[in-house]
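Peer 1: Everything below, folded, please.
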Amino acid sequence: MLSSKLASACARAVAGVMLVGTIGIAADVQARPKPIKPPVSNSEAREQDSRTFFPVVSPLAPFPGLPSERWTGVYEGSSYQIEVPPNWNGMLVMYAHGYRGTGPELTVSPPAIRPWLLQQGYAWAASSYSKNFYDVRAGVEDTNALALAFSSLTGKAEPSKTYITGHSMGGHVAAAAVEAETYATANNPVRYNGSVPMCGVTGDVYQFEYLMNFTLAAQHLAGQGPTTFPATDFQAKLPQIIGTLWDTYPTAPSAQGEKLEGIVRDLSGGERPIFAEGFRTSLQSVVLGTGGQDGSVNGILADSLTGNLATRYQFDTNKAMSREEREFNDSIIRVVGHPPANSIRPDGLRWIPVVNGQFNVPVVSIHTLGDLYVPFKHQQIYRRNAEANGNGDLLVQRAIRAPSHCDFTYQEQVEAMAAMLQWEQQGIKPAGDRVLDAKAVANPAYGCQFTRNDGTQNRAALPACPGS
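Peer 2: Numbering: from 1, shown residues only. Just a heads-up that it's a prediction; the model follows:
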């Protein structure tokens with residue numbers, strides 16, 4: 001619960017308008033903060049270029065009851081795992097793992113659907129990537145390099161078809177890997193036959209705009225600034241921010257915290273089932289842990305990328321701006337982004353590869369509705385991009401009723417992969433969910449069609465599908 005001091009601060013925040021530095025509001029006249037333009041470097045030097053990593057070879061034991069041939073080792077600075085079943089059908093599935101943090105050790109692990117792949121006769125391979133941090137460029141290049149080396153590393157024939165799937169950052173890898181720009185600019189191009197991004201960052205750089213907006217709004221609503229960008233005082237003020245925005249963290253937001261919930265709902269994909277449950281999970285700590293960073297994505301870029309000049313922060317689902325919302329928008333710090341920080345490069349992929357919706361193979365993507373870290377909005381951006389490029393018919397998207405990030409059951413993942421493979425091999429297009437129809441997304445039954453509660457995860461506290 002709130003202390004009396006924090007409760008008083010919260011009450012003042014609800015009754016009044018947050019003040020930031022010298023920003024003040026007098027009657028209807030507002031003194032708006034001057035947009036901050038982070039300094040732009042003339043150098044292409046990145047922190048990522050100076051970091052050192054080393055691959056760790058992880059043993060790959062046989063899966064119980066499923067015999068196979070297995071290979072592990074190091075290839076071009078990355079560790080790898082490869083597995084081929086005795087009834088190999090000649091096809092290969094590449095698996096791209098998610099974000100592995102900022103440590104020096106490069107680790108690799110098998111896909112969650114490993115047993116199903118082996119049972120169906122598919123070989124699979126996975127790379128650790130040659131770098132950690134959010135280095136999707138390394139993820140694409142190193143996954144592709146391993147796919148190209150499959151035959152030489154195993155002594156097997158060249159695969160007749162190659163597919164790709166991945167989770168989270170690996171979902172970004174899987175989506176970017178089939179993009180036209182990737183084929184045109186990658187140093188290790190691979191022509192995949194289909195892709196299954198799971199909980200993926202398919203809106204590419206929107207991820208970092210979202211995290212910036214989330215944390216700037218939280219600090220501003222709590223009356224703790226920020227007055228500069230990056231908000232270098234964010235982590236020091238985090239206890240006060242949490243104390244103001246939550247009565248009980250993270251399950252019970254205060255009245256002021258409910259305004260943050262409204263802002264995040266809008267930024268993350270709009271009104272939908274399971275969002276409220278997702279807002280009340282421990283993912284809050286993960287998201288708030290990114291507060292105070294600049295826009296270089298932890299040194300992946302040479303300059304600061306993200307800005308919020310065009311962002312409209314809304315406390316509720318009413319698109320008309322209330323006076324309080326206008327005052328909030330006029331007083332929050334504004335940051336000028338620098339899109340050239342992630343320009344096309346002459347030496348290969350962009351530092352953060354893009355997902356433009358320019359692909360020509362079947363893609364089946366799944367995403368949880370309550371994901372607060374990589375929000376459902378990514379699916380909406382993906383759909384708009386695909387349709388803008390005439391590729392909407394090649395993209396099938398499925399919403400899963402779960403509150404956390406990559407919070408899938410085994411069956412949900414298997415069904416997505418099986419659907420893409422059947423589509424690509426037999427021409428049978430699978431069903432999916434509409435992600436741009438706001439009324440459909442807000443329906444209490446949204447996501448029920450492809451959610452499979454098989455008892456392996458705790459979803460008992462979630463709202464049941466109507467009629468179940």
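Peer 1: For this protein, which segments count as helices?
Peer 2: Listed in chain order, the helices of the chain (DSSP state H) span 4-15, 114-119, 136-154, 169-176, 180-185, 206-221, 234-245, 255-268, 275-279, 283-288, 323-331, 377-388, 410-426, 438-442.
Peer 1: Out of those, which one sits most buried?
Peer 2: Comparing these by mean neighbour count (mean count of other Cβ atoms under 10 Å), helix 169-176 comes out on top with a mean of 31. (Each C-beta comes from the backbone N, C-alpha and C, glycine too.)
Peer 1: roughly how far out does it sit from the chain middle?
Peer 2: 9 Å (Cα atoms, centre = their mean, to the nearest Å).
Peer 1: Backbone torsions only: list them for the closest residue to residue 371 other than its chain neighbours.
Peer 2: In space, not counting the residues next to it along the chain, residue 371 is nearest to residue 405; the distance is 4.9 Å by Cβ to Cβ, 6 or more residues apart in numbering. When quoted as degrees, to the nearest 10, the phi and psi of residue 405 stand at phi -80, psi 130.
Peer 1: Let me see the confidence value for residue 405.
Peer 2: The predicted local confidence for residue 405 comes out at a pLDDT of 97.
Peer 1: What of the one 4 residues further on?
Peer 2: In the predicted model, residue 409 carries a pLDDT score of 95.
Peer 1: can you check residue 44 too?
Peer 2: Note for residue 44: predicted pLDDT of 83.
Peer 1: which residues touch residue 118?
Peer 2: Shown here is residue 118, whose contacts under the criterion Cβ atoms under 8 Å, 6 or more residues apart in numbering are 63, 66, 68, 83, 85, 124.
Peer 1: Residue 345 against residue 184, yeah?
Peer 2: No - Residue 345 lies out of contact with residue 184 (Cβ atoms under 8 Å); the separation is 11.8 Å.
Peer 1: Could you count how many residues lie near residue 356?
Peer 2: Burial of residue 356, expressed as a neighbour count using other Cβ atoms under 10 Å, amounts to 19.
Peer 1: Check the one 4 residues further on too.
Peer 2: Burial measure for residue 360: 11 neighbouring residues, criterion other Cβ under 10 Å.
Peer 1: roughly how far apart are it and residue 194?
Peer 2: Here the criterion is Cβ to Cβ, to the nearest Å. By it, residue 360 lies 11 Å from residue 194.
Peer 1: before we move on, back to that, could you dump the helices of the chain to CSV with distance to residue 52?
Peer 2: Compiled in CSV, those are given as follows (distance: least, Cβ to Cβ, whole Å):
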stretch, distance to residue 52
helix 4-15, 43
helix 114-119, 31
helix 136-154, 14
helix 169-176, 20
helix 180-185, 26
helix 206-221, 24
helix 234-245, 26
helix 255-268, 36
helix 275-279, 37
helix 283-288, 26
helix 323-331, 44
helix 377-388, 31
helix 410-426, 34
helix 438-442, 45
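Peer 1: I'd like to know which of these is closest to residue 451.
Peer 2: Evaluated with Cβ to Cβ, the helices of the chain place helix 410-426 nearest to residue 451, the distance being 7.0 Å.
Peer 1: can I have the closest one written out in CSV, keeping just the CAs?
Peer 2: Taking only C-alpha atoms (Å, rounded to 0.1, in the frame of the first residue of the first chain), the coordinates of helix 410-426 have been written out as CSV:
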residue,chain,number,x,y,z
TYR,A,410,3.1,-26.2,-26.9
GLN,A,411,-0.1,-26.9,-29.0
GLU,A,412,-0.5,-23.3,-30.0
GLN,A,413,3.0,-23.2,-31.4
VAL,A,414,2.7,-26.6,-33.1
GLU,A,415,-0.6,-25.6,-34.8
ALA,A,416,1.0,-22.4,-36.1
MET,A,417,4.0,-24.2,-37.6
ALA,A,418,1.8,-27.0,-39.0
ALA,A,419,-0.5,-24.5,-40.6
MET,A,420,2.3,-22.7,-42.4
LEU,A,421,3.9,-25.9,-43.6
GLN,A,422,0.5,-27.2,-44.9
TRP,A,423,-0.1,-23.9,-46.6
GLU,A,424,3.3,-23.8,-48.3
GLN,A,425,3.3,-27.5,-49.3
GLN,A,426,-0.3,-28.1,-50.1
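Peer 1: And stretch 302-313, how far out from the chain middle?
Peer 2: With Cα atoms, centre = their mean as the basis, the mean position of stretch 302-313 lies at 17 Å from the chain mean.
Peer 1: Oh, that last question was meant for stretch 387-404, not what I typed.
Peer 2: 14 Å.
Peer 1: picking that back up, okay, now the residue nearest to residue 371: neighbour count?
Peer 2: Burial of residue 405, expressed as a neighbour count using other Cβ under 10 Å, amounts to 23.
Peer 1: Now do the same contact list for it.
Peer 2: Taking Cβ under 8 Å, 6+ apart as the criterion, residue 405 is in contact with 168, 199, 283, 286, 368, 371, 372, 373, 374.
Peer 1: For the first one, give me phi and psi.
Peer 2: According to degrees, to the nearest 10, the main-chain angles of residue 168 amount to phi 60, psi -120.
Peer 1: so how many other residues sit close to the closest residue to it other than its chain neighbours?
Peer 2: The spatially closest residue to residue 168, leaving aside those adjacent along the chain, is residue 98, at 3.5 Å (Cβ to Cβ, 6+ apart). Residue crowding around residue 98 was assessed by other Cβ under 10 Å; the count is 21.
Peer 1: Identify the residues contacting residue 98.
Peer 2: Taking Cβ under 8 Å, 6+ apart, we find residue 98 in contact with 166, 167, 168, 169, 170, 171, 406.
Peer 1: Before I go, just wanted to say thanks for your time.
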